[in-house]
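Student: Need a 3D model of the following:
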Amino acid sequence: MFRDVKTYSAIEDGNLITGTVQDCTPYAERAKALQNEGFHGSKDMKLAATIPFVMVEKYCNDNNITYRECMTNREHMRRILNDPANAHFRVWPGKL
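Tutor: Below is the predicted model:
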């Protein structure tokens, strides 16, 4: 479902430690190429970004929300897309 996502787990000092890893370089490169081509979507439907799954997962974990809540509440996606730390995944440069 998600490109190149790997989940790891280990037991460390009796605790289960898990993590998700994904190479985000292709997403940043694709966003830059689309931005350079001016492919920002249509007037009615902007292509704002190409956000890797691990970035959404991190946001959900940091904000103690479910993936479903993140996807159904527009404010969460606005925060992710307007976060300067995610600028290299943006296609359309405007503020949402």
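
Student: give me the number of residues near residue 78?
Tutor: Look at residue 78: counted by other C-beta atoms under 10 Å, it has 13 neighbours. Where you see a C-beta, it was placed from the backbone N, CA and C, and this is true even at glycine.

Student: which residues does the residue nearest to the spatial centre of the chain contact?
Tutor: Nearest to the geometric centre of the chain sits residue 51, at 3.1 Å (C-alpha atoms, centre = their mean). Going by C-beta atoms under 8 Å, 6 or more residues apart in numbering, residue 51 touches 27, 80, 81, 86, 89.

Student: So it, which state does it fall into?
Tutor: Judged by DSSP: H, G, I helix; E, B strand; the rest coil, the three-state class of residue 51 is coil.

Student: Find me the pLDDT at it, would you?
Tutor: Note on residue 51: pLDDT of 90.

Student: With residue 89 instead?
Tutor: 94.

Student: For it, what are phi and psi?
Tutor: phi -100, psi 0 (degrees, to the nearest 10).

Student: cool, and residue 20?
Tutor: phi -120, psi 130.

Student: what's the neighbour count on it?
Tutor: Residue 20 has 14 neighbours, counted by other C-beta under 10 Å.
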